[in-house]
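> Okay, predicted coordinates and the sequence, questions at the end:
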Amino acid sequence: MVTPDCDTHDTDQPASTNQTQHPTNQEATVPTAPTSDQPVPAPRTVVVTGANRGIGRAIAERFVANGDRVATLYRGGDLPDGVLGAVADVTDTAAVDAAFTQIEQELGAVEVLVANAGVTRDQLLMRMSDEEFTSVLDVNLTGTFRCVRRASKGMIRQRRGRIVLISSVIGLYGGAGQVNYAASKAALVGMARSITRELGGRGITANVVAPGFIETAMTAQLPQERQDAYKATIPAGRFAQPDEVAAAVQFLASDEAGYISGAVLPVDGGLGMGH
Ligand SMILES: NC(=O)c1ccc[n+]([C@@H]2O[C@H](COP(=O)([O-])OP(=O)(O)OC[C@H]3O[C@@H](n4cnc5c(N)ncnc54)[C@H](OP(=O)(O)O)[C@@H]3O)[C@@H](O)[C@H]2O)c1
């Protein structure tokens, strides 16, 4: 069984302090003059959780390049130029709420939320502890809920918003040793569809991106023969770059995607087809 995102990332990180890291490159958040006849879309305030590394970082970089005002809820580490950091652990409701308040004060009402922060703690079903199960759910599912609930306040007021939830091919395909992770990622589909039914009439869309095997530091650590075995099961015959996920997210967050909601967009080279 292919397990594109199987690994153990525990959440034993420093407690949230709600400090703000200011963008190191302010120019990156300022819209530049048009370079063609196309009008430049107004910059939006975009929040990407976990933009300090991996897929979240690539997503944040894309929005910065687009001229948007980009912020992240993150636990530490360095951020891409032009990204405002608000320190918060997504398992901490008060910290999440405070981070959004800070971001709104500094960058304006949040129009786009990308709920990317996620963890895996793989274990065989018979050996999985309650804590191994619930801790993954607390980050991947409840953490996403905390961010969506807080972000939706401003979106409802503005009568516009884009919510993109980062799931996984494993959510609908399943993964041995990943009942916690798969359950948390499958639940995001129900969440996005319920948000769509609740808020779809207010100019807000909610969609899911389901990445397959993405080249990150984690996958780079796999032995070459295992990487080759995984690739053999992927119709595209290769892993993806984080920016390929970011491109799908950017599309779903765009004006052009205004009539797409409750959808699951796979970015998996065909691995999960039909699931
Ligand atoms: N890589 C893949 O092949 C793949 C495939 C399918 C889906 N995905 C999904 O894509 C998303 C990003 O994955 P990735 O590969 O970029 O993983 P990654 O490199 O492990 O990054 C995970 C990010 O989530 C953050 N995070 C974890 N727990 C958090 C918490 N409690 N509060 C706040 N932030 C937290 C991490 O922050 P720290 O740096 O502080 O730990 C980090 O920024 C995840 O939701 C993952 O499930 C990944």
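Nice, thanks for sending it over.

> what mean pLDDT does the longest strand belonging to the chain have?
Counting residues, the longest strand in the chain under DSSP state E turns out to be strand 204-211. The pLDDT scores in strand 204-211 average 98.

> Mind listing the strands that strand pairs with, and their directions?
Applying DSSP bridges, strand 204-211 is found paired with strand 161-166 (parallel), strand 264-267 (parallel).

> which residues in the stretch 51-200 of the chain form helices?
Taking DSSP state H, counting those that start in this stretch as the criterion, the stretch 51-200 of the chain contains helices spanning 54-65, 93-107, 130-137, 143-158, 169-173, 179-199.

> and the stretch 51-200 of the chain, which residues reach the ligand?
Contact residues (C-beta under 6 Å from any ligand atom) of the stretch 51-200 of the chain with the ligand: 52-56, 74-77, 89-91, 116-119, 139, 143, 166, 168. To be clear about C-beta, it is placed using only N, CA and C from the backbone, and glycine gets the same treatment.

> Just the buried ones from those, in ChimeraX syntax?
To isolate in ChimeraX the members of these that are buried, counting by 16 or more other C-beta atoms under 10 Å, one can use:
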select :52,53,54,55,56,74,75,89,90,91,116,117,118,119,139,143,166,168
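
> Kindly confirm my reading that residue 47 is in a strand.
Yes - when the secondary structure is assigned by DSSP: H, G, I helix; E, B strand; the rest coil, residue 47 falls within a strand.

> burial measure for it, as a count.
Counted with other C-beta atoms under 10 Å, residues neighbouring residue 47 total 29.

> Let me know the pLDDT of it.
The predicted structure scores residue 47 at 99 on the pLDDT scale.

> Can you give me the distance of residue 225 to residue 49?
Computed as C-beta to C-beta, to the nearest Å, the residue 225 to residue 49 distance reads 34 Å.

> cool, residue 174 as well?
Residue 174 sits 25 Å away from residue 49, going by C-beta to C-beta.

> And the two? Which one has more around it.
A direct count of neighbours by other C-beta under 10 Å for residue 174 and residue 49 places residue 49 higher, at 28 against 16.

> still on that earlier bit, export the strands paired with strand 204-211 to a markdown table and append columns for mean pLDDT.
Below are the strands paired with strand 204-211 laid out as a markdown table (pLDDT from 0 to 100):
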| stretch | mean pLDDT |
| --- | --- |
| strand 161-166 | 98 |
| strand 264-267 | 98 |
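
> Could you say which of those is packed most deeply?
Counting by mean count of other C-beta atoms under 10 Å, strand 161-166 has the highest mean neighbour count of the strands paired with strand 204-211, with a mean of 27.

> Let's verify residue 236: helix, strand, or coil?
coil.

> Count the neighbours of it for me.
Counted with other C-beta under 10 Å, the burial measure for residue 236 works out to 13 neighbours.

> In this structure it contacts residue 273, no?
No - in this structure, residue 236 sits apart from residue 273 without contact. The criterion is C-beta atoms under 8 Å, and the distance is 11.0 Å.

> which regions of the stretch 151-275 of the chain sit below the pLDDT cut-off?
Within the stretch 151-275 of the chain, the set of residues satisfying pLDDT under 70 comprises 217-218, 221.

> circling back to that earlier point, among the strands paired with strand 204-211, which comes closest to residue 64?
Closest to residue 64 of the strands paired with strand 204-211, according to C-beta to C-beta: strand 161-166, at 16.2 Å.

> thinking again about what came up before, does the ligand sit close to the longest strand of the chain?
Yes - for strand 204-211 and the ligand, the contact criterion (C-beta under 6 Å from any ligand atom) is met by residue 211.

> That strand vs helix 143-158, what angle?
Note on geometry: by axes from the mean of the first three to the mean of the last three C-alpha atoms, to 10 degrees, strand 204-211 and helix 143-158 are set 150 degrees apart in direction.

> and the angle for strand 204-211 with helix 54-65?
Computed by the same axes, to 10 degrees, the angle separating strand 204-211 from helix 54-65 equals 130 degrees.

> Output strand 204-211 as PDB, nothing but the C-alphas.
The C-alpha coordinates for strand 204-211 follow below in PDB (Å, rounded to 0.1, in the frame of the first residue of the first chain):
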ATOM      1  CA  ILE A 204     -18.000  31.900   0.200                       C
ATOM      2  CA  THR A 205     -16.600  28.700  -1.300                       C
ATOM      3  CA  ALA A 206     -15.100  25.800   0.500                       C
ATOM      4  CA  ASN A 207     -13.000  23.200  -1.400                       C
ATOM      5  CA  VAL A 208     -10.600  20.400  -0.600                       C
ATOM      6  CA  VAL A 209      -7.200  19.700  -2.300                       C
ATOM      7  CA  ALA A 210      -6.100  16.100  -1.900                       C
ATOM      8  CA  PRO A 211      -2.300  15.800  -2.600                       C
END
